[in-house]
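A structural model of the following input is requested.
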Amino acid sequence: MTRVLFINRNDKETVSAALSFLAIAILLYYLLNKAKKVEFDEKNMIITLNANIEIIPLIDVQNIKLTMNEINYRSLWKIKYIDNNGIQKSVRILPDSKNFERFKENVKRINPDVEINNWSHSFDFNQ
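The predicted structure is shown next:
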C-alpha cells in the first residue's frame, strides 16, 4: 500500500486551516509580548512592561487573592495595589510557590492590614 501525502494549494480547507493557525500564532505572540513581568524583593513589587518599570512598595499592596484559574496545575493570583499616582490597580500573576509564599509573608510583615485570600469559590465574581 502506497500513501501519498501532499498539500493542494487550491484546497479551501487547507488554506483556511493555515490562515487560522497563522492568526492564532500572531495572537499568542501579541499576548505574550504584552505580558507584564512581576518580580519581588524584600520591600517592593516590580512590574515591568516592555521598557516601563513600575516599583510598588509592599505597603501599597492591598489585597492578594487566589483566583479559580489555573495554568498547568499552577494557580493564578490577583494582586491589588495602589500605584505611584494613587490609583488602585491590579495585576494577575502565575507565581513560583516558594518565592510567592515569601512575598506574602513580607507583605503581611510590612502591611498588617493587607487582605490575603488563599481560597476562592465559584460565586466570587472578582476573579
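
Below-threshold pLDDT in the chain: ranges please.
Scanning the chain with the threshold set as pLDDT under 70 gives 1-11, 32, 121-127.

80 instead, please
Within the chain, the segments meeting pLDDT under 80 span 1-15, 30-36, 70-71, 96-98, 120-127.

Following element in sequence after the longest helix out of those in it, please.
Across the chain, the helix with the greatest residue count (assigned by DSSP state H) is helix 12-33. Following the chain from helix 12-33 toward its C-terminal end, the next helix or strand by DSSP states H and E is strand 37-40.

buried ones in that next one?
For strand 37-40, the buried set under the neighbour-count rule, 16 or more other Cβ atoms under 10 Å, comprises 38, 40. From N, CA and C alone the C-beta is placed, and that goes for glycine too.

Just the CA atoms of the longest helix of the chain, as CSV, please.
The C-alpha atoms that make up helix 12-33 are tabulated as CSV, following Å, rounded to 0.1, in the frame of the first residue of the first chain:
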residue,chain,number,x,y,z
LYS,A,12,-10.1,25.7,0.7
GLU,A,13,-9.9,23.6,3.9
THR,A,14,-6.1,23.6,3.8
VAL,A,15,-6.0,27.4,3.2
SER,A,16,-8.5,28.2,5.9
ALA,A,17,-6.6,25.9,8.4
ALA,A,18,-3.3,27.6,7.5
LEU,A,19,-4.8,31.1,7.9
SER,A,20,-6.4,30.1,11.3
PHE,A,21,-3.1,28.7,12.5
LEU,A,22,-1.4,32.0,11.4
ALA,A,23,-4.0,34.1,13.2
ILE,A,24,-3.6,32.1,16.4
ALA,A,25,0.2,32.4,16.3
ILE,A,26,0.0,36.1,15.8
LEU,A,27,-2.5,36.5,18.7
LEU,A,28,-0.3,34.4,21.0
TYR,A,29,2.8,36.4,20.1
TYR,A,30,0.9,39.7,20.8
LEU,A,31,-0.4,38.5,24.1
LEU,A,32,2.9,37.2,25.3
ASN,A,33,4.7,40.3,24.1
